[in-house]
Structure formats: C-alpha cells, structure tokens
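> Have a look at this prediction, sequence included:
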Amino acid sequence: MEPICLTAVNPATIKILSERPDGSGVIEMPLLSPMHDFDMGLTASGKKGTASITMRDLEDAVTNFSSWPGPVPVHRYPHRDYEETAGPGDGFIEKLFVRAGQLWAQMDLTASLFAEVKARQWRGFSIDGASRIKTATKAFTTFTVYGGVFTNRPASDVHARVAASAAVDADLRTIYVPLSKGASMSQNDESDVTVRLATAEAKVTQKDDELVKLNGKLADANAAVTAAEKRADAAERKLAENAGEVATLRLSSDRKASDLKDAEDRVESLESTNKDLRAKLSAKENEGVAAKVVSLCGAAIKSGVPPAKIKQFGDYEKDPVKFASGFGSMDTLELVLKSLPRDAALSAVNSGRQAAGDEDGAAVTPDSAATLRKLGLNPEFASVTKESEAREIYEKNAARK
C-alpha cells in the first residue's frame, strides 16, 4: 500500500477567515481538484500506469468527513502514520466542501502555524487520503481525507513516512498542493486575508525554462485529447444504453396503455351489467308494490269502501306503482284506506260472498240482496272490483232487455 503523491493544482484563493487574540486563526484553502489519467510513474509512489481523481471522489470525501470517528488533524512536514496523528496537532480540518469543482477545507490552526502561514513560510499542502480505509470503529469504502501536512517539498519528495500502520487498513494517498512563491497577502476592512495559490512544476528539474513550459503544454494537450476521447466514448455508450432504456419504456408504456384500455372496457361492461341488474331489481320491486296495492285496495273494498272513493286518488288497477307513489309509503296508503268511510250494506254483502255457480259467477244471500235493492243498488254489482267487471254485467243486463 504505497502512497500516491500528486503535484498538479489550479490557481485558487486561500482565505483567512478570522484571527483570535491568542494568535490562532481559521483559514479556507483548496485541497484537491479532479485529475484524469495522471502518470503514476511521475509520482512519489513510482508505480506504473495511470490513475484519476474524479468529482465523485471529492463528493465522497465530503460525505465521509461528516462521519469520520474523531478529529482530522493537520501538521507541519513530515507526514505521520495513522497512529502518530493521535498526538497534539498543529491544527484541525473543521469542514470539507466542494466549491467550483475543487475540494476545499476550513482549518483551525494553532497560533504558531497560523503565524507561519501568514508569513508565507509554507508553499504547499499535502493531504492524507485513502480510497478505502478501516479504523478500529468504522470502515469507509470510498475516497476519504483523514489529515495532511504543510510542506515545502515537491511531489517527488513528500512520500516520506506515509504508509499503512497496524491501526488502519487503507490504500493511502498523499496529494501535494503547491503554493506559489509569489503568493501575496492583503487584509480588508473585515480583517480577512487572502492568499493566492498557483501551479508548481516541482517534479521537473530541467534548467531550460522554455523547454519545461513546452513539455508541460504538450503533456496537458495530450491529456486533454485523451480525456476528451474517453468522454466521447463514454457518451456514446451512455447514448446506446439510453436508447435501449427508451425502447423498453416505450414497450412498457404500450403494454400499460393496452391494460388500461382492457380495464376501461371491463368497467364499461360492469356498469352496463349493473344497470341491467338495477332495472331488473326495480321491476321486481314494482311487481311487489303493485301486488301490495291491489291487495290493500281489494281488502278495503271488501270491508265496505266504495271503489269510487279509492279511485279518487288514482287508478290503482291501471298503474298501481304510480298510485302508491302518491302516498309516500305503503304504511301511509294502508292508513288512508282504513280511514275511508265504509258502507255497512256493501260490507255485509262482500263479507257474505259465496260461490253459487250461476251465469254471473257470484251471488249474495237473499237478505243481503234485499237490503241492496232497498238502497237502490243492483246486487249483481256487489262483488265488482274492476271497471271491466262492472261493464260486463251492465252489457249482460242490457242484452236481457
């Protein structure tokens, strides 16, 4: 588990937020920027191949910082192993955050280190980070920053003593952030001091400054071309994946539309069936109402209520349901029928009906017939409950004459 030491950093601004009466103070400064495919052979690890620092690594560092089990100390050079950082610190990282594509830290520095930073005695900062790290109480599987040192050594010299100790299992990295010699400091009315950061090419030792610049530009151009090609390849792969997902979503949408149409047809069918059932139920209920109306009216007539008295409320024979609706309920109809005046003679006649087998199909007792005649009523009409029956008797009597 060898350390990885980097040198590339974009110019940025370091800001002193506050200074206490005891000389200690709080600063903000950038720690890390995304880097694609940098050459491991040019770092302190000496490994072959390339590696990258992504925006996701920066975001993971912020997330893991919030749940790191304990303070995150910073020191003066040299680097310390994990166990040695348990002692007094020269300062502490209080907060990590991403700003303008860079990982920034807010640090609380002791008076002595704070004074050295203000005096521009330090030209760089090297973080201690790991892509996976397991402490005694917690494990982290993504990029984590757990410390760092202020240093004046370029990347090729700052691997120093960074290594995994018995107390931590990690793939450790030290990443060097150089501060330019020309960094100037100024203080505004609010006692804020800013320091300008710049890129250092400390790993290159050639005497010809012009050649160094050309080599740097060439390397940057090659790296940019390679990164652009990889981004284009990734974009093409993503586009192909998205096209497949869109096709799948369209098929799913078509299936759902078909299922919805089937469900709507089923609902329509159920509503039609329900409508038919309601109609049948209503017809059945009307049949019951009609039978009840005819029964109640027949019983009233039998008890002596003249049919005309009942028909003044409507034609119960032709439309018994409509007749019943005028009373609101069957109970009300029954009460009305019971309250109608009764003819004692009709009651006696209807109560004394018996089968006689004559041509009129009905007969009354001689006494009842005599009583009806005295009242001027034809006994043949005593058993009539329908208009059709009365008309039939009338026509028969007319034929006899």
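Ah, there it is.
> Please enumerate the helices of the chain.
Taking DSSP state H as the criterion, the chain carries its helices at 55-66, 111-118, 209-302, 307-311, 320-325, 330-339, 344-351, 366-374, 387-400.
> buried sites along the fifth one?
For helix 320-325, the neighbour count (16 or more other Cβ atoms under 10 Å) marks 320, 323-324 as buried. All C-beta atoms are positioned from the backbone trio N, CA, C, and that covers glycine.
> repeat for stretch 231-250
Neighbour counts over stretch 231-250 (16+ other Cβ under 10 Å) mark no residue as buried.
> again with stretch 61-78
Applying a neighbour-count criterion of 16+ other Cβ under 10 Å, one finds 61-62, 64-65, 68, 72-75, 77 buried in stretch 61-78.
> dump the residue contacts of Gln106.
Contact analysis of Gln106 by Cβ atoms under 8 Å, 6 or more residues apart in numbering lists 17, 26-28, 93-97.
> Go again with 10 Å.
By Cβ atoms under 10 Å, 6 or more residues apart in numbering, Gln106 lies in contact with 15, 17, 26-29, 92-97.
> For those residues, work out which two are farthest apart.
Farthest-apart pair in these is Lys15 and Phe92; separation 17.4 Å (Cβ to Cβ).
> about what we covered before: could you redo the helices of the chain as JSON lines and give each row mean pLDDT and distance to Trp104?
Converted to JSON lines, the helices of the chain look like this (pLDDT from 0 to 100; distance: least, Cβ to Cβ, whole Å):
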{"stretch": "helix 55-66", "mean pLDDT": "95", "distance to Trp104": "9"}
{"stretch": "helix 111-118", "mean pLDDT": "94", "distance to Trp104": "16"}
{"stretch": "helix 209-302", "mean pLDDT": "85", "distance to Trp104": "23"}
{"stretch": "helix 307-311", "mean pLDDT": "83", "distance to Trp104": "100"}
{"stretch": "helix 320-325", "mean pLDDT": "84", "distance to Trp104": "85"}
{"stretch": "helix 330-339", "mean pLDDT": "82", "distance to Trp104": "87"}
{"stretch": "helix 344-351", "mean pLDDT": "64", "distance to Trp104": "110"}
{"stretch": "helix 366-374", "mean pLDDT": "68", "distance to Trp104": "119"}
{"stretch": "helix 387-400", "mean pLDDT": "68", "distance to Trp104": "105"}
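> Which of those sits closest to Val145?
Closest among those, using Cβ to Cβ: helix 55-66, at 4.8 Å.
> sorry, back to before: including distance to Ala247, could the buried residues of helix 320-325 go into CSV?
Compiled in CSV, these are given as follows (distance: Cβ to Cβ, whole Å):
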residue, distance to Ala247
Pro320, 67
Phe323, 69
Ala324, 66
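> Could you point out which of the residues you listed is nearest to Leu211?
Ala324 (114.2 Å).
> Check the spacing between the closest one and Asp81 real quick.
Going from Ala324 to Asp81 by Cβ to Cβ, to the nearest Å gives 101 Å.
> and what of Gly49?
Using Cβ to Cβ, Gly49 is found at 25 Å from Asp81.
> Please apply the same query to Glu236.
From Glu236 across to Asp81, the span is 45 Å (Cβ to Cβ).
> can you pull the contacts of the nearest residue to Lys322 once chain neighbours are set aside?
Spatial nearest neighbour of Lys322, excluding adjacent residues (Cβ to Cβ, 6 or more residues apart in numbering): Gly314 at 6.6 Å. Gly314 is in contact with 293, 320, 322-327, counting by Cβ under 10 Å, 6+ apart.
> Tell me the one among the residues you listed nearest to Arg231.
Ser325 (81.7 Å).
> Could you tell me which residues make contact with that closest one?
Contacts for Ser325 (Cβ under 10 Å, 6+ apart) come out as 289, 314, 319, 333.
> among the residues you listed, which ones are buried?
By neighbour count, with 16+ other Cβ under 10 Å, the contacts of Ser325 hold 289, 314, 333 as buried.
> re the thing from before, mind picking the one among the contacts of Gly314 that's closest to Lys302?
For the contacts of Gly314, the minimum distance to Lys302 (Cβ to Cβ) is 14.7 Å, reached by Val293.
> Could you double-check that the closest one sits in contact with Ser329?
No - at 11.9 Å, Val293 does not count as touching Ser329 under the criterion of Cβ atoms under 10 Å.
> So for those two, which residue has more residues nearby?
Val293 (23 against 10; other Cβ atoms under 10 Å).
> and the more buried one, what is it in contact with?
Remark: with contacts taken as Cβ under 10 Å, 6+ apart, Val293 is in contact with 314, 316-317, 319-324, 327, 330, 333, 337.
> 6 Å instead?
Residues in contact with Val293 (Cβ atoms under 6 Å, 6 or more residues apart in numbering) are 316, 320, 323-324.
> of the contacts of Gln106, buried ones?
Buried residues within those, counting neighbours by 16+ other Cβ under 10 Å: 26-29, 92-93, 96.
> want to throw the residues you listed into a markdown table with pLDDT and distance to Val117?
Output for the buried ones among the contacts of Gln106, formatted as a markdown table (pLDDT from 0 to 100; distance: Cβ to Cβ, whole Å):
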| residue | pLDDT | distance to Val117 |
| --- | --- | --- |
| Val26 | 96 | 11 |
| Ile27 | 94 | 7 |
| Glu28 | 93 | 12 |
| Met29 | 90 | 9 |
| Phe92 | 97 | 14 |
| Ile93 | 97 | 14 |
| Leu96 | 97 | 19 |
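> Which of the residues you listed fall within strands?
Secondary structure assignment by DSSP state E places 26-29, 92-93, 96 of the buried ones among the contacts of Gln106 in strands.
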